[in-house]
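>>> below is the structure, and that's it, no one-letter string:
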């Protein structure tokens, strides 16, 4: 009860943008939770449906893909992608939820694969141990969980990057171990071949379609189980340990035990993925589990959003489909290259007037340069674009391809990288002026050298995609923006 | 807003017109004689730590295809697949090739582990694949019916080299270093029992292919060690090993296997190198190929020529299928490869395949390097 | 006994190389808390720069200028070019992510590493480029004490490494730029409020760290002779290990960590076995980390509650 007189009526609210009230301001300040207009309505509707129908629907859609006709290659890419997605989802437990940087995760994957290979093949003993699947996979997963506990033991004393380095040692040591130690049992560099297929309820899975469907089911079930775990006490404990271990400890959360649980569960998920991988490949070799593979898993996890299960799976699927699938074919690489450039322009270059101007200027510049070069010397336009299909024929009279394509292309590549770095530095008007020459140079470099060396281009493109996507969205596709307190 | 739409539409229209224009001009060029068109896949480590081997193989395969296309008036194109010497990636690349119905044969993969990983896939698809560098003995025991190779196997090279060392170099102690790859460990496994049976003291060491500094290992060479056996794949590493030896004043002689055969790269005076074929730079018939390869790609070693031979076998098979009036398919190209009987090839030896895929009568030659770096053939 | 000293000399030389790269790595980490996985590839670019300088002046067998002048040009050019490259990478790839959670720049660094390695593969080709140091710096120059030979290249590496380390320490501790670096490393916002140009300081740190990696690349080329696009990966990994084991953020610690790894590798190869060298080195380093959880010379982090 207040004896003060009521405050006088204030002035009327001003016209124009107001913080907290205006749509545009709120969106710029990233305070909007949903996208504008009908997209936001769709988002709210989807959230009301709940997570497990969405998950089941995605799983059904993925399982239906082979029926509408996927070739052997696409099935293999799908299998590879889902194995990496399973690994990313498992890594998410350690890195995303508990905040422990585990750089040796691929060793658990390898342990699962080698474990399955040892107990379900002709490797050990005269005829080998051929444990049935319902025994071997749980056995391997439990063994991996114990190994995860052991690897996680240093986490009681070491934090942050120091823990990362110990796990890195473990990861490297696994490859060395399987390559050099006990070659008669572990196979040495020749690995273990002739692994039994997985049999579910008496039915052996021997085709790629079978493994694809098995992986869809396993991935969906794992994601569901982890989602349930995310909202349990353990999940909340993990997130508390990630944010502030000291505060979590004072709130009676057993921090050490929670960290060990994260390691163990992550290792078990990785081992499960390893067993399916070993059965599908029918062979395991030490080089299957080296550090570049770990980098792929991390790229998928962080690009999709560390801390979110859907993000981990989506990021991994996206990265693997692009890297292992699309970029392996030169025509698809070309579509991806030009498509990504146009998409970036579309998204970043506003207003539409400017975009149209830049595109028109690029086209005009190209024709002009081509005409001038053809007039000066026939050798300068003697080659033909190395893109196949309609792109190559469309660009034939637009991009100059000299007779000595490779050398010119290499110089163009270096100039292009310098131009791109300059583009980032300059102001908006200079940027618009610099864009058409840069776009033309990009097409030139693609048609002269990059398209002719698909293997190297694949790596270049994935590196560029990683850089650009992380700069565009540092929290990942489905991640939450977090502020880290760095003490 | 309206002006930009018009401008953008104009730009798009200009591009489309240019595209239609050029495509119509190019389409009149084709449609002449119906020529022999086929695709051949090439699997190898095109990027990654051993890219030097894969890129050399790719260059030689491209050279062979270009030369044979001119000679036989065929239109064989190469589809590249990068495996980074990783068997899981080799499986993916092989799936890509088997799903591509235009591909009728494959050159590669480079590593024995990769052949083990992809053999069943290739057999299921009936796709012939010829490797220029997979030398494990276990690969031609009949497990992989569509596998061929243009190089001889470890179980021939290992014992031959070991017996030569024992009989001609008479070491009391030797050091043998493997590079932790299947090729190397296979050779070591073949040679060690022979050395041990002859009573020689053997120091078995092992370094990864990625190591580039061997000074710590070289320091372990005792004065009584007279021979160092290096069954390595990367000749440059062996050259560095030799340099470290000269630096630390070690007097042992290096004995290398065919992976070290690289005139220009490995040139330690007094070393021995075994090879499955004679030095192609010394064969007069190969002078044009050598000149073309050196002009385009620079120095080359031992991995390119066998892949040239493999690609050539496939090109000839495709050409013979076309000449008999059929369209190249996996089945008839496989049959034609099995009937290969080339009297002279780039390797200076005839190529004919046994029923399990090996080259008939593949033998090894031995060279000694002199002070100018030249490889001199040791007769007998 | 001679064997022991020979292995020791070999180990210290390679260790000096690792510590130079680890120093640059630690500097960047100290100021940005960023694990720069592309650091090893800067080493590779430095090695290529040195190779092309040798080719420019006639190739290892027919040099047109004196060897000391050649070495000077190689080192200076590598330092400047690789330093500039480092600054460009920072501006292009890392600056937008300065306030993002620490794990995001990790992936950008990996992307930069992929890009650098494969750009080198595209531009320079896969074949091994060889320095052939023995052709212009004779193998017999150097000192021989009993049965221990120390090559002149090894001596140069040791001396130069020592000079650079001492120089860096003086720079960080005595100059104004060093003070700025230490301030930004301690608290970036406070440093900005104190009038320090944070962008310039970070760029300068990247320049210095990358220049060190470039110089180390030339030294590696002279020592190990062969340059390929992928030599940076292993060296970067070892530098990362050395920096962390020595206490991340601490410059003397990075140097000590590098020397420890070099000597451990050499001794274990010599005395135990070359097959299991890496396994034993890992085991040794794990023991070191467990005994000293913040690294050899790292300070135990006080936790603010």
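Nice, I can see it. Here the structure is a predicted model, which means the values were calculated and not measured.

>>> doesn't residue A:402 belong to a helix?
No: using DSSP: H, G, I helix; E, B strand; the rest coil, the assignment for residue A:402 is coil, not a helix.

>>> tell me the confidence at it?
Reported pLDDT at residue A:402 in the predicted model: 81.

>>> can you report how many residues lie near it?
By the measure other CB atoms under 10 Å in any protein chain shown, the count of residues near residue A:402 is 18. For the C-beta atoms, the positions are set from N, CA and C on the backbone; glycine is no exception.

>>> name the nearest residue to residue B:285, sequence neighbours excluded.
Leaving aside its sequence neighbours, residue B:285 sits nearest to residue B:344 (CB to CB, 6 or more residues apart in numbering or on different chains; 6.6 Å).

>>> run a quick neighbour tally on the one you found.
12.

>>> again with residue A:93
Neighbourhood size, residue A:93 [other CB under 10 Å]: 28.

>>> circling back: which of the three states applies to the residue nearest to residue B:285?
Taking three-state DSSP as the rule, one finds residue B:344 in the coil state.

>>> so it sits right up against residue B:309, yeah?
No: applying CB atoms under 8 Å, one finds residue B:344 not in contact with residue B:309, separated by 10.7 Å.

>>> contacts for stretch A:465-478, please.
A:299, A:302-306, A:308, A:310-311, A:314-315, A:318, A:322, A:340, A:344, A:481-482, C:92-93, C:96-97, C:100-101, C:104-105, C:107-108, C:110-112, C:114-115 (CB atoms under 8 Å, 6 or more residues apart in numbering or on different chains).

>>> mind listing what the closest residue to residue B:89 other than its chain neighbours touches?
Nearest residue to residue B:89, sequence neighbours excluded (CB to CB, 6+ apart): residue B:83, at 4.7 Å. Listed by CB under 8 Å, 6+ apart, the contact set of residue B:83 reads B:43-46, B:54, B:89-90, B:93, B:108-111, B:114.

>>> where does residue B:83 land on pLDDT?
93.

>>> how far away is it from residue A:117?
Noted for residue B:83: a distance of 21 Å to residue A:117, by CB to CB, to the nearest Å.

>>> ditto for residue C:216
Distance from residue C:216 to residue A:117, by CB to CB: 41 Å.

>>> what number of residues lie near residue 168?
No chain in the question, so chain A it is. Neighbours of residue A:168 under the rule other CB under 10 Å: 23.

>>> let's do chain C instead
So residue C:168, with other CB under 10 Å, has 20 neighbours.

>>> okay, residue C:216 and residue A:117: which has more neighbours?
More crowded of residue C:216 and residue A:117, by other CB under 10 Å: residue C:216, with 32 against 29.

>>> near chain B, anything from the host helix or strand of the more buried one?
If you go by DSSP states H and E, residue C:216 is part of helix C:198-224. Yes: applying CB under 8 Å from any CB of the partner chain, one finds helix C:198-224 touching chain B at C:223-224.

>>> what comes up buried for that helix?
Applying a neighbour-count criterion of 16 or more other CB atoms under 10 Å in any protein chain shown, the buried positions in helix C:198-224 are C:198, C:201-224.

>>> residue contacts, the residue of the stretch 251-380 of chain B found nearest chain A?
Nearest to chain A in the stretch 251-380 of chain B, going by CB to the nearest CB, is residue B:296, at a distance of 9.9 Å. Contact partners of residue B:296, counting by CB under 8 Å, 6+ apart, are B:59, B:63.

>>> any idea how far it lies from chain C?
Residue B:296 sits 11 Å away from chain C, going by CB to the nearest CB, to the nearest Å.

>>> doesn't that residue lie inside a helix?
Yes: Residue B:296 forms part of a helix when assessed by three-state DSSP.

>>> how close does it sit to residue B:41?
Distance, residue B:296 to residue B:41, using CB to CB: 22 Å.

>>> repeat for residue C:64
Per CB to CB, residue C:64 is found 47 Å from residue B:41.

>>> quick one: which of the two has more around it?
Taking other CB under 10 Å, residue C:64 and residue B:41 do not tie; residue B:41 has more neighbours (25 against 9).

>>> the stretch 1-150 of chain B: strands as residue ranges?
Using DSSP state E, counting those that start in this stretch, the strands found in the stretch 1-150 of chain B span residues B:36-44, B:74-82, B:103-107, B:128-131, B:147-149.

>>> tell me which residue in chain A sits closest to chain B.
Distances between chain A and chain B by CB to the nearest CB are smallest at residue A:394, namely 3.1 Å.

>>> and chain B, which of the contacts of stretch A:465-478 reach it?
Near chain B, by the rule CB under 8 Å from any CB, you find none of the contacts of stretch A:465-478.

>>> only whichever of those are buried, select them in PyMOL.
Applying 16+ other CB under 10 Å to these, the buried members can be selected in PyMOL as follows:
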select buried, (chain A and resi 299+302+303+304+305+306+308+310+311+314+315+318+322) or (chain C and resi 92+93+96+97+100+101+104+105+107+108+110+111+112+114+115)
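
>>> quick one: the helices in the stretch 351-487 of chain A?
For the stretch 351-487 of chain A, helices defined by DSSP state H, counting those that start in this stretch occupy the ranges A:352-376, A:389-394, A:405-425, A:428-448, A:454-472.

>>> looking at those helices, which is nearest to residue A:81?
helix A:454-472 (14.1 Å; CB to CB).

>>> buried residues in that closest one?
Neighbour counts over helix A:454-472 (16+ other CB under 10 Å) mark A:454-467, A:469-471 as buried.

>>> and what of stretch A:384-401?
Buried, per 16+ other CB under 10 Å, within stretch A:384-401: A:384-387, A:391-401.

>>> what about it, near chain C?
No: Stretch A:384-401 stays clear of chain C (CB under 8 Å from any CB), getting no nearer than 13.9 Å.
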